[in-house]
Every structure is written in C-alpha cells, then in structure tokens.
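K.L.:
coords please:
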Amino acid sequence: MIFSMLFQVASFAQEEEILEKESKNEKRKKEAAYKPLDPVAPSRAAFYTSIVPGLGQIYNKKYWKVPLVYAGIGVPIYFWADNQRNYDRYRNEYKNRLQGKIDQTDPTLAGLDEQRLLDGQNFYRKNRDLSVVIAVGFYVLSIVDANVDAHLMQFNVNENLTIQPVIEFDQKSLMQQQQVQYAINVQYRF
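P.N.:
Numbering: from 1, shown residues only. Below you'll find the model as predicted:
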C-alpha cells in the first residue's frame, strides 16, 4: 500500500512537470509570434529604396518585387538612351545641312528634307523626355511601395478581427411575394 502511494505521488509530480514544460513551450511560441511594432520600419524601407532601388523590397522580404522595380526603371532608361541616340543623329544631320554638308552614307537621313529632320528631332526629344518621366515615376512608385508594404506588415491580421459576410435568402417571403429578397449578415469579433 505504501508502495502504491509513492508510485501515485511520483506519477503526479511527473504530470506536473510535463504540464509546466508544455505551458513554457506555448509561452515561448506566443512570444516568438509576437512582433512589437517598429514605428521606424516604413521610413527605413523607403530610405533603403531611395538609396538603392529594390533594397526596401528586400528589407520587407518581398523578393519577387525586385525584378519588377528594375524592369520598371530599366526599360525607360533603355528607351531614353535609344531616343537620345536618334535625337543626336537627327540634330547632327540638321546642323550639317545648315552648313551645306550632305551625308550620303546614312540612307535613312539622306532622303529627308530639313523640315522632316526637325520633326524627327522633336519626336525623339519628346520621347526621351517622356522616358525620363516614366523612369522617375517608377522610382518614386518603388519608394512608395516599400513604405506602404512596411506599414501593412505591421497590420494586425488576426482571426478575431475578421469580418465574415454571409448572403441569406429569405425563403418565407419568397413564397409569399414571389420576389427574391437579399440580406447581408456581417459578423465581427474583437
């Protein structure tokens, strides 16, 4: 009888130790899941992106956005360089025509009169300037994206903060009035 009492006391103590370990593990998991708000994180992400495009997206761990940032900035830069090259070609040809020199080696520009050269020059200048505006726009957009994304990472998405809309059909009034009536039931918990 004494042996059975000692055995029960020992097993009870082991159960308490197991429960304590489980509660400590749960507490550690909750502490690991809890991330305090960092009020500087959005401005830090925007600063990183303003220094090196895409670095704020890396800071926010949104790696898939980095190629989009570089494509959004790189493609307009390519078109800027192409339009600048063509603008210089048309401008140099126009200057040569004013000096009385006609370059027959370039078949594209040799057959154009002076007004067409001016029109081509204006066309490529406008496209060059538009490419700069688009590149700067994508640069600013990447900064805003990094900032907003860092703000949204701190947004509390908890199961207790969900809204669950439900569409209900009123079958009783459907039979009586021959009309469909809709109702929206919104349930939310805090």
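
K.L.:
CA only for contacts and neighbour counts going forward, please
P.N.:
Fine.

K.L.:
ok, residues contacting the strand or helix carrying residue 108?
P.N.:
Assigning secondary structure by DSSP states H and E places residue 108 in helix 107-110. Outside helix 107-110, the residues that touch it by Cα atoms under 8 Å, 6 or more residues apart in numbering are 90, 93, 102-104, 117.

K.L.:
longest helix in the protein, by residue count?
P.N.:
helix 114-153 (DSSP state H).

K.L.:
So which elements touch that one?
P.N.:
Secondary-structure packing of helix 114-153 (3 or more Cα pairs under 8 Å, 6 or more residues apart in numbering; DSSP states H and E): helix 41-51, helix 55-59, helix 66-98.

K.L.:
rewinding a little: now, of the contacts of helix 107-110, which are buried?
P.N.:
90, 93, 117 (16 or more other Cα atoms under 10 Å).

K.L.:
Which helix or strand in the chain has the lowest average pLDDT?
P.N.:
helix 2-33 (a mean of 58; mean pLDDT, DSSP states H and E).

K.L.:
residue ranges with poor pLDDT in the protein?
P.N.:
1-21, 25, 27-36, 156-190 (pLDDT under 70).

K.L.:
can you do 90?
P.N.:
Scanning the chain for pLDDT under 90 picks out the ranges 1-41, 96-114, 152-190.

K.L.:
buried stuff in the helix holding residue 108?
P.N.:
Within helix 107-110, the residues that count as buried by 16+ other Cα under 10 Å are residue 109.

K.L.:
From the buried ones among the contacts of helix 107-110, pick the one nearest residue 59.
P.N.:
Nearest to residue 59 out of the buried ones among the contacts of helix 107-110 is residue 90 (Cα to Cα; 44.6 Å).

K.L.:
so that closest one sits right up against residue 123, yeah?
P.N.:
No. Contact criterion Cα atoms under 8 Å: residue 90 and residue 123 do not qualify, at 10.1 Å.

K.L.:
Next, the contact list for the nearest residue to residue 114 once chain neighbours are set aside, please.
P.N.:
Spatial nearest neighbour of residue 114, chain neighbours left out: residue 94 (6.4 Å); criterion: Cα to Cα, 6 or more residues apart in numbering. With contacts defined as Cα under 8 Å, 6+ apart, the neighbours of residue 94 are 114, 117-118.
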